[in-house]
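In: Fold the following for me, if possible:
(one chain, ligands or ions: 1)
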Amino acid sequence: MKALICGAGIAGLTLAWHLERAGWEVELVERAAAFRDGGYMIDFYGPGLEVADQMGLSPRLRKLGYAIDGLTYVGADGRQSSRLDMPDSLGAIISLPRGDLARAILDDVKAPIRYGTSVQTVDQHGSHVTVGLTDGTTHEADLLVGADGAHSRVRELVFGDERRFVRYLGHHVAVFLLRNEALNRPIGRRYWALTLPGLSAGAYALRDGWLATMFLRREPDPALPDDPAATLRRHFGGLGWLVPEMLADLPDPREIFYDQVIQIEMDRWSEGRVVLLGDACQAVSLFAGHGSSMAMAAAWVLADELRKGETLTEEFREDGKALTADALRESGGALAAYERRMRPTIAHTQALGRRVVEWMAPATSRRIGVRDWILRAATLPGLSRLLLNSLTPGTRGLIGRRPTRLRDLG
Ligand SMILES: Cc1cc2nc3c(=O)[nH]c(=O)nc-3n(C[C@H](O)[C@H](O)[C@H](O)COP(=O)(O)OP(=O)(O)OC[C@H]3O[C@@H](n4cnc5c(N)ncnc54)[C@H](O)[C@@H]3O)c2cc1C
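Out: Reported below is the predicted structural model:
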C-alpha cells in the first residue's frame, strides 16, 4: 500500500513513522523549502506524549525541552500582578519549540520528503488516487493524507473553501524567536506575560540567549495584515515592561509567524481515498493547548486503523454514489473508524479552548483582575484544592487540565 502525505509537520511525520513500520510505502510533500527548526514554544503532554513514549522519543524530547516553573503575569508598569507555579497534578509536561518536536520525529523517518512542493490536483478513481504536484510530477497512491495544517491545501481541493470550516476565535497571534541576552536573563525559566485588555505579550527564555515570544491581540476582523511587523509595532510598541525591547529588533518577516486563532470543524474528515489529519481537520487552537499532542494521537489512531488491514473506505460501495457523512461514519472502513475514535476528544478539546479564551486573553480590566485574584487565592494553603474543584471548567483549564489518555481514544 502506498500513502502520499501532504505536510511534513507533527501529524504528517508521525503518520509516516508508523506507516513505514507497518510496511507501507510512504512519500511526503512539504511546502517549505527546507525543514524548519524553531518556531513557537509548545507545551507537550497528554496522549501525544504517550505516543512519543511508544516511539522511543521521550528521552530525546526531555533533553530538548525546558523546565518551565510556571507563569508570571505583569501589568503595564512591569510589576507582577499574579503568578502560577506549575502544579504537580499537571503531570509530565515538556515545553519545547514546535520545530524541535518535529525534528525528533523526522530523525527516525526514512520516507523521502519533497520540499518546496505541494499538491495541485487530486483525482479519485475508486481503487486509487492520482495526485498532481506543483513540481509538475504526477503520483498514484492508495491514500492521500492532508496533514498540511489549519490552512490545508488538500482540504481546499477536496472539501472546498476554507471559510466553510473555520471557527475564528476573535484573535490574531504572532510568535517569533529573538536572540537577546539582556532580555533572556530577567525572563529566566518562567513564561512571563504582560496582559492588558485585549492584548497579551509574553516570552520564554531559551538556551544560548534566545527568547521565544508570543503576542496575542483581540481583533474582530480575521483578515491578516499585509505587514505583520508594522501591525505588531502599532499595537504593542507603546506597552511597558520589556515589550519595546522585544519589538526593537524584529527578525526577518519570513521568521515571524502571524495568523488568526482558529479552530477547524468539519462534518467529515475523509472523502474516498483522501483523509485529513491534525490541524487540517481538527485544529483546537492555541487556547485549548495540546494541538500537537492531538495531532500525534490522531496519527497514531489512523495508523492503527490502517494497520488492521480492513477496507480503507466504503465510500464507493454504492455503485459510485458517495455515502453521506453519517453513513460513512457508520461504515466499516479504516478512515471512518479513525474519525469515530478521534471525534469526541477533539470536540471536547475544542469546547475547552473556546471557554478558555476569556481567561487567556481577557477583554476587560475587570476580567484581568478576577484572573489575578483567582491565581493569588490559589496559592493560599488549603484554598488551592477548593478553588480548583469549584472553578468553572474554563477556568480550571487555565490552571491545570487533566489531559486525555491514549486509552480514552478506544
Ligand atoms: C502560537 C501557537 C502556540 C501553540 N501552542 C501549543 C501548545 O502549547 N501545545 C500544543 O500541543 N500545541 C500548541 N499549538 C498547536 C500545534 O502547534 C498544532 O496543533 C500542531 O502543530 C498541529 O500539527 P499538524 O502537523 O497538523 O500541523 P503543522 O504542525 O502546522 O504542520 C503542517 C505542515 O504542513 C506544511 N504545509 C502547509 N501547507 C502546505 C501545503 N499547501 N503543501 C505542503 N505542505 C504544507 C507546513 O509547512 C507544515 O510543515 C500551538 C499553535 C500555535 C500557533
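In: Quote the end-to-end distance of stretch 116-134.
Out: 9 Å (CA to CA, to the nearest Å).
In: from memory residue 64 sits against residue 96, does it?
Out: Yes. Using CB atoms under 8 Å, residue 64 is in contact with residue 96, at 5.1 Å. (Each C-beta comes from the backbone N, C-alpha and C, glycine too.)
In: So which residues on this protein come close to the ligand?
Out: 6-12, 29-32, 40, 42-44, 98, 118, 147-149, 153, 173, 175, 214, 278-279, 286, 289-293, 295 (CB under 6 Å from any ligand atom).
In: related to what we said a few turns ago, the more surrounded of residue 64 and residue 96?
Out: When neighbours are counted by other CB atoms under 10 Å, residue 64 and residue 96 differ, and residue 96 comes out ahead with 23 against 17.
In: Across the sheet, point out what pairs with that one.
Out: Counting by DSSP bridges, residue 96 forms beta bridges with residue 42.
In: and the closest residue to residue 76 other than its chain neighbours, how far is that from residue 74?
Out: Distance criterion CB to CB, 6 or more residues apart in numbering; nearest residue to residue 76, sequence neighbours excluded, is residue 240 at 4.5 Å. Distance, residue 240 to residue 74, by CB to CB, to the nearest Å: 9 Å.
In: what's the answer for residue 49, then?
Out: 30 Å.
In: what's near enough to touch the closest residue to residue 113 other than its chain neighbours?
Out: Using CB to CB, 6+ apart and skipping residues adjacent in sequence, the residue nearest residue 113 is residue 28, 4.4 Å away. Shown in contact with residue 28 (CB atoms under 8 Å, 6 or more residues apart in numbering): 4-8, 12-13, 16, 111-114.
In: Among the residues you listed, which lie within strands?
Out: 4-6, 113-114 (DSSP state E).
In: Narrow the residues you listed to those that are buried.
Out: The neighbour count (16 or more other CB atoms under 10 Å) marks 4-6, 113-114 as buried among these.
In: Count the residues that sit near the residue in the stretch 1-150 of the chain that the ligand sits nearest to.
Out: Relative to the ligand, the nearest point of the stretch 1-150 of the chain is residue 9 (1.9 Å; CB to the nearest ligand atom). Here the number of neighbours of residue 9 (other CB under 10 Å) works out to 28.
In: Would you confirm that it contacts residue 280?
Out: No. Counting by CB under 8 Å, residue 280 is not a contact partner of residue 9; they are 9.6 Å apart.
In: Next, the contact list for residue 94, please.
Out: 43-45, 49, 61-62, 64-65.
In: go again using 10 Å as the cut-off
Out: Shown in contact with residue 94 (CB atoms under 10 Å, 6 or more residues apart in numbering): 42-45, 48-49, 52, 58, 61-68, 100-101.
In: Pop out the phi and psi values for the residue lying closest to it once chain neighbours are set aside.
Out: In space, and not counting its chain neighbours, residue 94 is closest to residue 65: 3.9 Å by CB to CB, 6+ apart. Dihedral angles of residue 65 (phi, psi; degrees, to the nearest 10) stand at phi -80, psi 170.
In: And residue 65, how far from residue 178?
Out: Following CB to CB, the distance that separates residue 65 from residue 178 is 20 Å.
In: ditto for residue 18
Out: 36 Å.
In: In terms of neighbours, single out the busier of the two.
Out: Legend: neighbour count by other CB under 10 Å for residue 18 and residue 178, higher for residue 18 (24 against 21).
In: How many neighbouring residues does the nearest residue to that one once chain neighbours are set aside have?
Out: Counting by CB to CB, 6+ apart, residue 18 lies nearest to residue 303, which is 3.5 Å off, once chain neighbours are set aside. Using other CB under 10 Å, residue 303 has 24 neighbouring residues.
In: model confidence over the helix or strand harbouring residue 303, on average?
Out: If you go by DSSP states H and E, residue 303 is part of helix 291-307. Averaging pLDDT along helix 291-307 yields 95.
In: on that earlier part again, thought the residue nearest to residue 76 was touching residue 196?
Out: Yes. Counting by CB atoms under 10 Å, residue 240 does reach residue 196; the two are 9.2 Å apart.
In: Now restrict the residues of the chain next to the ligand to buried residues only.
Out: Here, 16+ other CB under 10 Å leaves 6-12, 29-31, 40, 42-44, 98, 118, 147-149, 153, 173, 175, 214, 278-279, 286, 289-293, 295 buried among the residues of the chain next to the ligand.
In: contacting residues around residue 112?
Out: So residue 112 contacts 16, 26-29 (CB under 10 Å, 6+ apart).
In: Thought residue 358 was touching residue 364, still the case?
Out: Yes. Using CB under 10 Å, residue 364 is in contact with residue 358, at 9.5 Å.
In: What segments of the stretch 251-400 of the chain are helices?
Out: 279-282, 291-307, 325-330, 334-360, 365-377, 383-390, 393-399 (DSSP state H, counting those that start in this stretch).
In: can you check the stretch 101-250 of the chain too?
Out: Under DSSP H, counting those that start in this stretch, the stretch 101-250 of the chain gives helices at 153-159, 181-187, 228-236, 243-248.
In: which strands and helices sit next to the first one?
Out: For helix 153-159, the contact count by 3 or more CB pairs under 10 Å, 6 or more residues apart in numbering; DSSP states H and E identifies strand 2-6, strand 119-124, strand 129-133, strand 143-146, strand 270-271, strand 274-276, helix 279-282 as packing neighbours.
In: Which one of the ones you listed has the poorest average confidence?
Out: Ranked by mean pLDDT, the helices and strands packed on helix 153-159 bottom out at strand 270-271, with a mean of 94.
In: Check which helices and strands that one sits against.
Out: Using 3+ CB pairs under 10 Å, 6+ apart: strand 270-271 touches strand 143-146, helix 153-159, helix 325-330, helix 334-360.
In: about what we covered before: and residue 186, which of the helices and strands packed on helix 153-159 is closest to it?
Out: Closest of the helices and strands packed on helix 153-159 to residue 186 is helix 279-282, at 33.5 Å (criterion: CB to CB).
In: which among the contacts of residue 94 end up buried?
Out: 42-45, 48-49, 52, 58, 61, 64-66, 68, 100-101.
In: Point out the least confident member of those, please.
Out: For the buried ones among the contacts of residue 94, the pLDDT minimum is residue 68, 81.
In: Keeping just the C-alphas, turn stretch 172-185 into PDB.
Out: C-alpha atoms of stretch 172-185 as PDB (Å, rounded to 0.1, in the frame of the first residue of the first chain):
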ATOM      1  CA  HIS A 172      -4.600  37.300  15.900                       C
ATOM      2  CA  VAL A 173      -1.400  35.700  17.200                       C
ATOM      3  CA  ALA A 174       2.200  36.400  16.400                       C
ATOM      4  CA  VAL A 175       5.300  34.500  17.500                       C
ATOM      5  CA  PHE A 176       9.000  34.700  16.700                       C
ATOM      6  CA  LEU A 177      12.400  33.800  18.200                       C
ATOM      7  CA  LEU A 178      14.800  36.500  19.200                       C
ATOM      8  CA  ARG A 179      18.400  36.400  20.300                       C
ATOM      9  CA  ASN A 180      18.900  38.900  23.100                       C
ATOM     10  CA  GLU A 181      21.000  38.100  26.200                       C
ATOM     11  CA  ALA A 182      19.800  41.200  28.000                       C
ATOM     12  CA  LEU A 183      16.100  40.000  27.800                       C
ATOM     13  CA  ASN A 184      16.900  36.400  28.300                       C
ATOM     14  CA  ARG A 185      18.300  36.800  31.800                       C
END
